[in-house]
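A.B. asks: Quick one, what's the 3D model for this:
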Amino acid sequence: MAELLGTHSYQLDPKGRVSLPGRFRDAFADGVWLTIGQDGCLFCFPRVEWERRSDEVASSPLSDADGRAYSRLFFGSSDEAKLDGQGRVTIPQRLREAVGIDKEVVVLGVRDRMEIWDREAYDRYTERFAAAYQAGDLDPRRNT
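C.D. replies: The predicted structure follows:
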């Protein structure tokens, strides 16, 4: 699977559809698995990555309260969609409402997944973290 990279701006059409960047479309040819992500966006996985992430989430024992809660939220908010002939995906209304997606969206490639953000929410997020990233103060290994 090709890496999903880059930041792309779009507008939802009246039916809640958003175009995908041309180079993302092959990765989602077998479908798009959408779920509520962290930080106020939607996570969108290609089939292979969805299966991997699903196995990861499902690996928590049933006796683990945090694992049950995560699993319920992850799978309970999930939906499968197909690209139409013009490379658009329809975002279900309940998912748009859950993360505050209105009209203007950002489609973000994050290597193994795509994220869909409301434009204003994404701008606030990048404003919050951009300076620390540029200064080298964000360390993705810090919490491991």
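
A.B. asks: For the rest of this, base every contact and every neighbour count on C-alpha atoms.
C.D. replies: Will do.

A.B. asks: Report the secondary structure state of the spatially most central residue of the chain.
C.D. replies: When CA atoms, centre = their mean is applied to the chain, the residue found nearest the centroid is Phe43 (1.8 Å). The local conformation at Phe43, judged by DSSP: H, G, I helix; E, B strand; the rest coil, is strand.

A.B. asks: I figured it hits Arg111, correct?
C.D. replies: No: using CA atoms under 8 Å, Phe43 is not in contact with Arg111; the gap is 11.9 Å.

A.B. asks: circling back to that earlier point, which residues does the residue nearest to the centre of the chain contact?
C.D. replies: Shown in contact with Phe43 (CA atoms under 8 Å, 6 or more residues apart in numbering): 34-37, 113-116.

A.B. asks: now the strands for this structure?
C.D. replies: 4-11, 17-19, 32-36, 42-45, 79-81, 88-90, 104-111, 114-118 (DSSP state E).

A.B. asks: Quickly run through the sheet partners of the third one, with directions.
C.D. replies: Taking DSSP bridges as the criterion, strand 32-36 pairs within the sheet with strand 42-45 (antiparallel), strand 79-81 (antiparallel).

A.B. asks: could the ones you listed go into JSON lines alongside distance to Pro61 and mean pLDDT?
C.D. replies: As requested, the strands paired with strand 32-36 are exported to JSON lines (distance: least, CA to CA, whole Å; pLDDT from 0 to 100):
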{"stretch": "strand 42-45", "distance to Pro61": "24", "mean pLDDT": "98"}
{"stretch": "strand 79-81", "distance to Pro61": "24", "mean pLDDT": "97"}
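
A.B. asks: Most tightly packed of the ones you listed?
C.D. replies: Highest mean neighbour count among the strands paired with strand 32-36 (mean count of other CA atoms under 10 Å): strand 42-45, with a mean of 25.
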